[in-house]
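>>> coords please:
(one chain, ligands or ions: 4)
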Amino acid sequence: MAQTNASKKLINSVESCVDECLEGLVAVNPGLRLLEGHRVVVRSDIQELVKSGKVTLVCGGGSGHEPAHAGYVGPGMLSAAVAGAVFTSPPPHSILAAIRTVGKNNQAGVLVIIKNYTGDRLNFGLAVERAKAEGIKVDMVVVGEDCALTSTDKTAGRRGLCGTVFVHKIAGSLAEEGRSLEEIAVIVREAVDNMGTIGLSLAPCSVPGSGPSFKLEHDEMELGLGIHGEAGVKRMKLTNVQTAISTMLDHMTNQATKTHLELVKGDAIGLIVNNLGGTSILELNIVAKEAISYLENKGLAVERVYCGSFMTALEMAGISLTVLKLNEVLRDCLDSPTVAPGWSKPMLPKGQRLRATPIPLPTTESSHGDKIDVSVGETVDKDYGNLLFEIIENVCKSLISSENRLNMLDTQAGDGDCGTTVTRGAQAILKKLGDKSSPGLPVTNPYSLTLALATIVETDMGGSSGALYSLFLTSAAQCLQTKISSSSWIQALNNGIAAIQRYGGAEPGDRTMLDALYGASEVLNDKNRSSLSNVELFRQAVQAAEKGAEDTAKMAAKAGRASYVNPDNLTQPDPGAISVAVWFKAILDKLV
Ligand SMILES: Nc1ncnc2c1ncn2[C@@H]1O[C@H](COP(=O)(O)OP(=O)(O)O)[C@@H](O)[C@H]1O
Ligand SMILES: O=C[C@H](O)COP(=O)(O)O
Ligand SMILES: [Mg+2]
Ligand SMILES: [Mn+2]
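Ligands and ions are numbered 1, 2, ... in the order given. Below is the predicted model:
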């Protein structure tokens, strides 16, 4: 649902903008093709590549960073790129489709390269585990080179930014050379340790369908922002470009910060001067001149400079600077040829590309989650099934009607997409749920039902929320195989919470959805409340979830994207926690 204050965009619809962007990309680049039924761009020679004995490379993440990542697909760089919705990690099934396409029957193996974001770690992590279980050789490198943070005490760690493009180039070159998966992973991880990025923004961007991601006064700029419109670490007065660049690079190399890049006189470096999307070429060239001159004045040998749009944040006015310490191997990697359109000049269209047929998916024996065995798990009677139907329907509708509020909260704390992501999941569930007279989901079999919900969420949602809810539901289902009672639902909740903690690494008090879930679970597991009726107990659990969610407003963020935002700016509750309170309340409404 578009918000009324949405910024102007040249799109046909919010829902279709990523697909149409990819269609356009493959239309003007003959070397690129779409993978059937997925937001995955692959090399058009992928079938030969897989047989070539070379390591293949998969990258991906949310859209809005164009040309990243699909623009780096091509000989000498990536084999495939998986695109999520704008600023939203893609769902695991598309990632798995990409890994299968480049990894099935490929002895050399697959290297998956991601930027360090919770959503990407979880969704790509899940797909990698599935691929391994299918016998595909695969390793994953997580890029986190942000130098903005002054400490590293966050669960979320350093963000992955434009340095990821250097990683694509280095890994691409080594793969082309025929190096092994193990060798490539070692060299690439070392390169990540030897690079740093710092951003600067003059004006925010806006996600299609929404308003600006944050506000900057006309005489302000923001140091160290991320690439999703998340506010940065320090707001400063607008200065001339020379002062701005020295502030950025001083911060990047400041020994007092835990995330600084160690540079010593005489070091050879490569530099990316990156346009975050809305900076004029005139300004960008000045930035390049100033950055080179700053670095040379420090006695560094600036051996390679790349200037342009490499890793954008939609139309954000601003820049980032990435410095990579070079050695002979890395220098050769940067210099090796590639025709990936994002790195070199785009090739001209040949013929009628819009009609090019998509690459078919590889056939596969395993079709995880596509079929759910309803013979497992205890069945409940028709009335109970009807109640579950109504609960699911109400949960989805409530979440959908909270879309704008959740987006608004995520705009302050993250990247503004939590409502959109949750709504996408809810709509997919409603579509599958269908009609009450003949539901499309196994509502009389709680175990199968919960697994089916996990699969829908995993397939259609994306983002941190998608992965976390999928883990939650998959683990919860394990407690619903036998004897359905109020206590098995409580066990299911406990198990689900444990899975979120296990994979997300956050704890109660870290300002996440866990704070709402925990509040509710404490009440439900409280022995002193055993005399309460089920409905009364649940009513108190809802109150605790709501309180847990509201209390996040006062918490410091330790996990997720909010952990990068200046704590002074975090005055509203966490969107993920509010979403939990919303669905708890929606369940209660159907129990009374
Ligand atoms: N490590 C984590 N553990 C538990 N919940 C998390 C974690 N990281 C993020 N979250 C929850 O996810 C919510 C954001 O969801 P979403 O917008 O889908 O994520 P993103 O855009 O960062 O991928 C946060 O408000 C928070 O409640
Ligand atoms: O561009 C977005 C990144 O891929 C992170 O995704 P996320 O917001 O789902 O964590
Ligand atoms: Mg997101
Ligand atoms: Mn978000």
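>>> contacts only, for the residue of the stretch 1-150 of the chain found nearest ligand 1.
Going by C-beta to the nearest ligand atom, ligand 1 is nearest to G119 of the stretch 1-150 of the chain, at 3.2 Å. Yep, even glycine has a C-beta here, placed from its N, CA and C like the rest. Shown in contact with G119 (C-beta atoms under 8 Å, 6 or more residues apart in numbering): G62, G84, T88, S89, G462, G463, S464, S465, G466, A467.
>>> go on, D381?
T444.
>>> look up how far ligand 1 lies from it.
35 Å (C-beta to the nearest ligand atom, to the nearest Å).
>>> ends of stretch 64-81, how far apart?
For stretch 64-81, the first and last residues are 14 Å from each other (C-alpha to C-alpha, to the nearest Å).
>>> so for the residue sitting furthest away from the middle of the chain, what's the pLDDT?
In terms of distance from the mean C-alpha position of the chain, S531 ranks first, at 44.0 Å (C-alpha atoms, centre = their mean). For S531, the pLDDT comes out at 95.
>>> and what about it, helix, strand or coil?
coil (DSSP: H, G, I helix; E, B strand; the rest coil).
>>> go on, R158?
R158 is classified as coil under three-state DSSP.
>>> look up how far L200 lies from the nearest residue to it once chain neighbours are set aside.
Closest residue to R158 apart from its sequence neighbours, by C-beta to C-beta, 6 or more residues apart in numbering: G144 at 3.6 Å. G144 sits 19 Å away from L200, taking C-beta to C-beta, to the nearest Å as the criterion.
>>> so which of the two has more stuff around it?
Set G144 next to L200 and count neighbours by other C-beta atoms under 10 Å: L200 wins out with 26 against 21.
>>> looking at this, that one is in a strand?
Yes: checked against three-state DSSP, L200 lies within a strand.
>>> number the residues from 26 up from this point.
Sounds good: first residue 26 from here, last item L225.
>>> now do it, the pLDDT please.
Value listed for L225 in the pLDDT field: 97.
>>> now it: how far from E247?
According to C-beta to C-beta, L225 and E247 sit 7 Å apart.
>>> shared neighbours of the two, anything?
Residues touching both L225 and E247 (C-beta under 8 Å, 6+ apart): G257, G343.
>>> returning to that earlier point: which residue packs closest to the residue of the stretch 26-175 of the chain closest to ligand 1, ignoring adjacent ones?
Closest to G144 by C-beta to C-beta, 6+ apart is S114, at 3.2 Å.
>>> you'd agree that neighbour is up against G491?
Yes: at 7.5 Å, S114 and G491 qualify as touching, with contact defined as C-beta atoms under 8 Å.
>>> where exactly do the helices run in the stretch 176-325 of the chain?
188-202, 206-218, 266-278, 306-322 (DSSP state H, counting those that start in this stretch).
>>> same for the first one, what does it pack against?
This means helix 188-202. Judged by 3 or more C-beta pairs under 8 Å, 6 or more residues apart in numbering; DSSP states H and E, helix 188-202 is in contact with strand 81-88, strand 135-140, strand 163-168, helix 206-218, strand 220-228, strand 293-300, strand 342-350, helix 353-360.
>>> picking that back up, go back to the contacts of G144 and keep what's next to ligand 1.
Restricting the contacts of G144 to those touching ligand 1 (C-beta under 6 Å from any ligand atom) yields T113, S114, G488, S489, S490.
>>> so what's the residue in the stretch 476-617 of the chain that ligand 3 sits nearest to up against?
Relative to ligand 3, the nearest point of the stretch 476-617 of the chain is G488 (4.8 Å; C-beta to the ion). With contacts defined as C-beta under 8 Å, 6+ apart, the neighbours of G488 are G87, G109, A110, T113, S114, G144, D442, C443, T446.
>>> so which of these wins on neighbours?
D442 (34 neighbours).
>>> ok, the residue in the stretch 326-475 of the chain that ligand 1 sits nearest to - contacts?
At 3.4 Å from ligand 1, C443 is the closest residue in the stretch 326-475 of the chain, using C-beta to the nearest ligand atom. Shown in contact with C443 (C-beta under 8 Å, 6+ apart): L431, N432, L434, D435, G488, S490, P600, G601, S604.
>>> got those as CSV, with pLDDT and secondary structure columns?
Shown next, in CSV, are these (pLDDT from 0 to 100; DSSP: H, G, I helix; E, B strand; the rest coil):
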residue, pLDDT, secondary structure
L431, 97, helix
N432, 94, helix
L434, 95, helix
D435, 93, helix
G488, 95, helix
S490, 95, helix
P600, 97, helix
G601, 98, helix
S604, 98, helix
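>>> which members of those additionally contact ligand 4?
Subset of the contacts of C443 in contact with ligand 4: D435, counting by C-beta under 5 Å from the ion.
>>> V135: which of the contacts of C443 is nearest?
G488 (23.4 Å; C-beta to C-beta).
>>> how much space between that closest one and E245?
29 Å.
>>> please apply the same query to A451.
For A451, the distance to E245 - C-beta to C-beta - is 37 Å.
>>> farthest pair in the contacts of C443?
Within the contacts of C443, L434 and G488 form the most distant pair, 14.3 Å apart (C-beta to C-beta).
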